[in-house]
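**Q** prediction below, plus the sequence it came from.
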Amino acid sequence: MSADSRIEAITRRIIERSKPTRDVYLERVRMQIGKGVHRSVLSCGNLAHGFAACSVGDKAALSGDQVANLGIITSYNDMLSAHQPFETYPALIRQAAAEAGGVAQVAGGVPAMCDGVTQGQPGMELSLFSRDVIAMAAGIGLSHNMFDAAVFLGVCDKIVPGLVIAALTFGHLPAVFIPAGPMTSGLPNDEKTRIRQLYAEGKIGRPELLEAESKSYHGPGTCTFYGTANSNQMLMEIMGFHLPGASFINPNTPLRDALTKEAAKRALAITALGNEFTPAGEMIDERSIVNGVVGLHATGGSTNHTLHLVAMARAAGIQLTWQDISDLSDIVPLLARVYPNGLADVNRFHAAGGMGFLIKQLLKAGYVHDDVRTVYGKGLAAYTIDPRLGEDGNVVREPAPEDSADPKVLAKAEAPFQPNGGLKMLKGNLGRAVIKISAVKPERHVIVAPAVVFHDQEDLQAAFKAGKLDRDFVAVLRFQGPKANGMPELHRLTTPLGVLQDRGYKVALLTDGRMSGASGKVPAAIHLTPEAVDEGPIARVKDGDMIRIDAVAGTVEVLVDPAEFDAREPVRPDLSANEFGLGREIFAPLRRIAGPADQGASVLY
Ligand SMILES: O=C(O)[C@H](O)[C@@H](O)[C@H](O)[C@H](O)COP(=O)(O)O
Ligand code: SF4
C-alpha cells in the first residue's frame with residue numbers, strides 16, 4: 001500500500017536534499033558493520049575488564065564471538081514518575097537475554113530531567129541541552145564496543161530524542177526502545193487546569209492546589225496528558241523502534257513485563273549474529289522520519305518535536321525542515337483528541353484503539369509509508385494490532401479494531417476532527433515560528449493585538465497579578481532562545497494567559513522560547529528564529545507595536561512601517577543573571593554553540 005502522492009513527493013524531496021549527508025552516514029555505518037562482531041576487536045585486557053563482574057557463564061559466552069550481548073542504556077531515576085519503573089528493568093532484561101541464550105549488560109546510564117519538576121524554575125534552562133548531553137552520555141556507554149545490539153530505556157521529553165540521536169550515531173547496532181508506560185488515570189487534566197486558574201486568581205490556596213496536583217500526578221508511569229513524553233511513545237512506535245503495541249501499557253502489569261522481556265529477546269534476534277540483522281542506521285530512513293511527522297500531526301503532538309525530530313533525523317544524515325513539517329501538516333488530518341487537544345488522556349486513547357487503530361487508519365488513507373523496516377521486521381502494517389497477554393504469559397497481538405471504541409477520542413481518517421495536522425509553521429518579517437493549532441479554538445487562529453514586551457516570564461506573571469494585562473495583547477517574551485538562556489519551556493504562562501483568555505480578551509504569546517507539549521489553549525507562536533540574542537527582529541519590537549499571528553495564512557508579523565522598524569536599534573539587555581545558579585554556569589559553553597531552533601537547537605551539529 002503506497003503512500004498518498006503528496007506524501008511521496010515530500011519524502012522524495014527529503015531524500016534528494018539529504019543525499020550528500022545520508023550517503024556519508026550510511027558509508028560510515030556499513031564500514032563499522034564490516035568490522036564484524038564488535039568485541040572481537042577488543043584486546044584480552046579490554047575484554048577482561050568488560051566482563052570482570054559477569055558470572056562465569058557470561059564470561060565464557062562473552063569470551064567468544066558467537067553469543068549476542070545486549071548493551072542496556074538506562075535513564076532510570078526516581079525524579080521522573082515515567083522513569084521510576086526502569087529500576088527493575090535491567091534484571092528483567094538480563095533474565096530474558098539468558099532465556100534466549102544471550103547476555104545483557106548495563107552499558108551505561110544517562111541523566112533524565114523531569115520538566116514538570118523544573119517547569120517555571122531555573123533548572124528548566126538546562127532542559128533542552130540535556131537532550132544532547134543524553135546523546136553524549138549514551139555514546140559513552142556504547143563506546144565500550146562490547147555489544148551486538150542496544151536497548152534504550154527512556155520515555156520523557158528530551159530523553160527519547162537524546163537516546164535516538166545516540167542510537168543513530170551507533171547506527172551499526174540494532175536498537176530497541178523499551179518504554180515504561182503511562183501512569184493510571186488520576187484527576188482529569190482539564191480539572192487540574194481549572195484548579196490552577198482558581199489558584200492564579202487567588203480563589204483557592206496552596207493546600208487545595210497541591211491536593212489537586214497530587215491527585216493528577218499520583219504514581220509510577222508517564223503523566224497522562226499528550227505532551228512530549230507521550231508524543232515520544234507514539235513516535236517510537238510509528239517509526240518502528242518499539243515493538244508493536246508497546247507504547248501505552250501501564251507499568252507494573254504482567255503485559256508490561258511481557259513486552260519488556262519480548263523486546264530484549266527481539267533485540268538479540270536482530271543482531272548480525274542472526275538472520276534478521278537490522279542495524280538502526282539502515283532501519284530508520286526518510287520514510288520512517290516522514291511516518292513520525294505524520295503521526296505527530298495526526299495526534300496533535302508536542303511542538304517540541306519541531307526541534308527534536310529535526311535533530312534526530314540529522315543524526316542519521318537526514319535533513320528534515322520546518323517546511324516539510326508544515327507541508328505535511330496541511331495534508332494530514334487530526335485523528336486523536338487527547339489533552340490538551342481534547343479531554344481524554346492517553347489511557348483513554350489506548351482504550352479507544354490506540355496506536356494500532358491510528359496506524360491502521362493512516363495506512364488505509366495512504367498517509368504513511370508501509371514499506372519501512374522496524375525492529376519487528378518489515379512493514380508498518382505489522383503495527384496495526386492490539387496487544388494482549390496470552391495464556392502462557394507472553395504477548396499476543398490481535399488485529400486492531402476497524403472502528404474506534406471512542407469516536408470522541410479517536411476518529412477514522414474519512415471523518416477527522418480537523419482536516420489538517422496539529423502543527424503549523426509561521427513566517428514573516430519577525431522570522432520563522434511554530435504554532436500548535438490542534439488545541440486552539442478556530443476563532444483564535446488569527447490574533448492582531450498590541451505588543452506587551454517582556455524579558456522574563458516572572459515579569460509577565462507580576463504584571464498579571466497587578467491587573468495590568470486585562471486587555472487584548474500579544475505577550476512578546478524575548479531572550480528565551482537557545483543562546484540566551486537555553487530555550488526553557490514557558491508553560492507556566494498558560495495559566496495567567498488562560499485566565500485572561502477566559503475573561504474574553506484576545507491574547508497570544510510570541511517568543512523565541514518553547515512551550516510544553518502539554519501547553520495548548522492559548523495561541524502561542526514559539527521557537528521564533530532568529531532569536532533575540534542574535535539580534536533577530538524580535539529584539540526591535542516595542543510596547544504597543546501591532547503584532548499579527550495568523551495560523552491560517554501561516555504568518556507572524558509586526559505591523560510597523562518597515563523603514564521605521566529597520567531603523568530601530570536591537571535591544572541588548574544584561575543577561576548575566578541567568579548565567580549561573582543551579583548548574584547554568586556549566587552549561588555556558590553549550591549556550592554559546594547552540595544552533596538555531598529550525599535546525600533542532602542542537603549543540604551537536
Ligand atoms: O513538553 C512537555 O510535555 C512538558 O515538558 C511536560 O513534560 C512537562 O512536564 C509539563 O510541565 C507538565 O505539565 P505541568 O507543568 O502543567 O504539570
Ligand atoms: S511527562 Fe513531564 S512531568 Fe511527567 S514525568 Fe515526564 S518529564 Fe516529568
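**A** Arrived safely, thanks for sending. Ligands and ions are numbered 1, 2, ... in the order given.
**Q** burial count for residue 571?
**A** As a burial measure, residue 571 scores 16 neighbours (other C-beta atoms under 10 Å). Backbone N, C-alpha and C define where each C-beta goes, glycine included.
**Q** doesn't residue 543 make contact with it?
**A** No - using C-beta atoms under 8 Å, residue 571 and residue 543 do not qualify as a contacting pair, with a distance of 11.5 Å.
**Q** ok, which stretches of the stretch 1-150 of the chain are strands?
**A** Using DSSP state E, counting those that start in this stretch, the strands found in the stretch 1-150 of the chain span residues 69-74, 103-109, 149-153.
**Q** let me know the average pLDDT across the last one.
**A** Read that as strand 149-153. Confidence for strand 149-153, expressed as mean pLDDT, is 98.
**Q** which SS state does residue 350 fall under?
**A** Per DSSP: H, G, I helix; E, B strand; the rest coil, the local secondary structure of residue 350 is helix.
**Q** touching, it and residue 248? I think so.
**A** Yes - contact criterion C-beta under 8 Å: residue 350 and residue 248 qualify, at 3.9 Å.
**Q** and the two? Which one has more around it.
**A** Just comparing residue 350 and residue 248: by other C-beta under 10 Å the higher neighbour count belongs to residue 350, 26 against 23.
**Q** show me where the protein dips below the pLDDT cut-off.
**A** Residue ranges of the chain with pLDDT under 70: 1-3.
**Q** can you name the residue of it nearest ligand 1?
**A** Proximity of the chain to ligand 1 (C-beta to the nearest ligand atom) peaks at residue 227, 2.3 Å away.
**Q** can you get me a residue count around that residue?
**A** Residue 227: 30 neighbours (other C-beta under 10 Å).
**Q** in this protein, which strand is the longest?
**A** Longest strand in the chain by number of residues (criterion: DSSP state E): strand 446-454.
**Q** contact residues of the protein facing ligand 2?
**A** Applying C-beta under 6 Å from any ligand atom, we find that the chain lies next to ligand 2 at 80-82, 114-116, 156-157, 222-223, 227, 229.
**Q** nearest to ligand 2 among the residues you listed?
**A** Distances from ligand 2 to the residues of the chain next to ligand 2, taken as C-beta to the nearest ligand atom, are shortest for residue 116 (2.6 Å).
**Q** tally of neighbours for the closest one?
**A** 20.
**Q** my read: it touches residue 222, true?
**A** No - using C-beta under 8 Å, residue 116 is not in contact with residue 222, being 10.7 Å away.
**Q** would you mind identifying the next helix or strand past the longest strand of the chain?
**A** Using DSSP states H and E, the helix or strand that directly follows strand 446-454 along the chain is helix 457-465.
**Q** next, the buried residues of that next one.
**A** Going by neighbour count (16 or more other C-beta atoms under 10 Å), the buried part of helix 457-465 is 457, 460-461, 463-464.
**Q** could you do stretch 320-340 as well?
**A** Within stretch 320-340, the residues scored as buried using 16+ other C-beta under 10 Å are 320-322, 324-329, 331-340.
**Q** got the CA positions of it in PDB?
**A** Once non-C-alpha atoms are left out, stretch 320-340 reads as follows in PDB (Å, rounded to 0.1, in the frame of the first residue of the first chain):
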ATOM      1  CA  LEU A 320      14.200  17.400   7.800                       C
ATOM      2  CA  THR A 321      13.000  21.100   7.600                       C
ATOM      3  CA  TRP A 322      10.100  23.100   9.200                       C
ATOM      4  CA  GLN A 323       8.700  23.500   5.700                       C
ATOM      5  CA  ASP A 324       8.500  19.700   5.400                       C
ATOM      6  CA  ILE A 325       6.700  19.600   8.700                       C
ATOM      7  CA  SER A 326       4.400  22.400   7.700                       C
ATOM      8  CA  ASP A 327       3.600  20.900   4.300                       C
ATOM      9  CA  LEU A 328       2.800  17.600   5.900                       C
ATOM     10  CA  SER A 329       0.500  19.400   8.400                       C
ATOM     11  CA  ASP A 330      -1.500  20.700   5.500                       C
ATOM     12  CA  ILE A 331      -2.100  17.100   4.300                       C
ATOM     13  CA  VAL A 332      -2.500  15.000   7.400                       C
ATOM     14  CA  PRO A 333      -5.800  15.300   9.400                       C
ATOM     15  CA  LEU A 334      -6.200  15.300  13.200                       C
ATOM     16  CA  LEU A 335      -7.500  11.900  14.300                       C
ATOM     17  CA  ALA A 336      -6.900  12.000  18.000                       C
ATOM     18  CA  ARG A 337      -8.300  14.300  20.700                       C
ATOM     19  CA  VAL A 338      -6.100  13.700  23.800                       C
ATOM     20  CA  TYR A 339      -5.400  16.500  26.300                       C
ATOM     21  CA  PRO A 340      -4.600  19.300  25.600                       C
END
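**Q** close to ligand 1, is it?
**A** No - using C-beta under 6 Å from any ligand atom, stretch 320-340 never reaches ligand 1; the gap is at least 9.4 Å.
**Q** how far does that stretch sit from the chain's center?
**A** On the basis of C-alpha atoms, centre = their mean, to the nearest Å, stretch 320-340 sits 14 Å off its chain's mean C-alpha point.
**Q** same question for stretch 449-456.
**A** Averaging C-alpha positions (C-alpha atoms, centre = their mean) puts stretch 449-456 28 Å from its chain's average.
**Q** domain ranges for this protein?
**A** What the record gives for the chain is the domain set 5-35+67-184+219-399, 423-599, from automatic domain parsing.
**Q** end to end, how far does the first one reach?
**A** Taking C-alpha to C-alpha, to the nearest Å as the measure, domain 5-35+67-184+219-399 stretches 27 Å from start to finish.
**Q** centre of the chain to it, how far?
**A** 10 Å.
**Q** over to the last one?
**A** Once both centres are worked out by C-alpha atoms, centre = their mean, domain 423-599 turns out to sit 21 Å from its chain's centre.
**Q** and the nearest residue to the residue of the chain closest to ligand 1 once chain neighbours are set aside, helix, strand or coil?
**A** Using C-beta to C-beta, 6 or more residues apart in numbering and skipping residues adjacent in sequence, the residue nearest residue 227 is residue 517, 3.4 Å away. Per three-state DSSP, the local secondary structure of residue 517 is coil.
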